[in-house]
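In: Fold the following for me, if possible:
(2 chains)
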Amino acid sequence: EPEVTQTPSHQVTQMGQEVILRCVPISNHLYFYWYRQILGQKVEFLVSFYNNEISEKSEIFDDQFSVERPDGSNFTLKIRSTKLEDSAMYFCASSEPILETQYFGPGTRLLVL
Amino acid sequence: SQQGEEDPQALSIQEGENATMNCSYKTSINNLQWYRQNSGRGLVHLILIRSNEREKHSGRLRVTLDTSKKSSSLLITASRAADTASYFCATDEWGFQKLVFGTGTRLLVSP
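Out: Numbers count the residues shown, from 1 in each chain, chains lettered A, B, ... in the order given. Presented below is the predicted three-dimensional model:
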């Protein structure tokens, strides 16, 4: 069964460093998303992406964040100049049409020291 | 209640018993989805129910949706120890692409 994959599974970085989280969505899906979950808290929406551009973003998704689909398979989330509060589990998701089931990857656990 | 707030926050049952979790939300929705998360792991999609549906079944799962009360319930029948996980409801609204997740119910099924 097709699934969303994410790399790395864990990442430890120093405050102020840039990180890139990678995702491979399900191949025939057209809508891509990033969410995050701070330990013990709700899953929060960050951004959605369609047709090579951001279609919706949350207040959390400020200028330190960016997304890109550099090729036909990968979808990346870049966090410039990481902060301690960026420590969280980051989930990528994809869906075929909009407003349908979103399938989530296993997540990348980011720890900012 | 917050958008997508589940209750109870925690539920402890014995294997073989049924587990019922409830979710309330505030806005008009297009779909409501239930996800499961094992501790520290990814989100596994369980079931999607559309706003024009009232009940849906999938294996041991039964989901109901009452749009007049803005609530949904997830019933897991004949629970197993392997069902131990956190369960989240997530809603989406017409015109928006994001899912809004609830706070989750932690289910513990003891052998």
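
In: I'd like the distance between B:Asp7 and A:Ser9.
Out: Applying Cβ to Cβ, to the nearest Å, the value for B:Asp7 to A:Ser9 is 32 Å. (C-beta placed from N, C-alpha, C; glycine too.)

In: ok, now B:Gly42?
Out: For B:Gly42, the distance to A:Ser9 - Cβ to Cβ - is 10 Å.

In: any idea which helix or strand carries the closest residue to A:Thr7 other than its chain neighbours?
Out: Spatial nearest neighbour of A:Thr7, chain neighbours left out: A:Arg22 (4.8 Å); criterion: Cβ to Cβ, 6 or more residues apart in numbering or on different chains. A:Arg22 is part of strand A:19-24 when elements are defined by DSSP states H and E.

In: just checking, what packs against that strand?
Out: For strand A:19-24, the packing partners by 3 or more Cβ pairs under 8 Å, 6 or more residues apart in numbering or on different chains; DSSP states H and E come out as strand A:5-7, strand A:10-13, strand A:31-37, strand A:75-79, strand A:88-95, strand A:108-112.

In: So between B:Gly42 and A:Ser9, which is more surrounded?
Out: B:Gly42 (20 against 10; other Cβ atoms under 10 Å in any protein chain shown).

In: That one and A:Thr108 touch, don't they?
Out: No - counting by Cβ atoms under 8 Å, B:Gly42 stays clear of A:Thr108, with 10.2 Å between them.

In: overlap in contacts of B:Gly42 and A:Ser9?
Out: Listed as contacting both B:Gly42 and A:Ser9 by Cβ atoms under 8 Å, 6 or more residues apart in numbering or on different chains are A:106-107.

In: Number of residues surrounding the closest residue in space to A:Trp34 that isn't next to it in sequence?
Out: Computed as Cβ to Cβ, 6+ apart, the closest residue to A:Trp34 that is not its neighbour in sequence is A:Leu46, at 4.3 Å. Applying other Cβ under 10 Å, we find 22 residues neighbouring A:Leu46.
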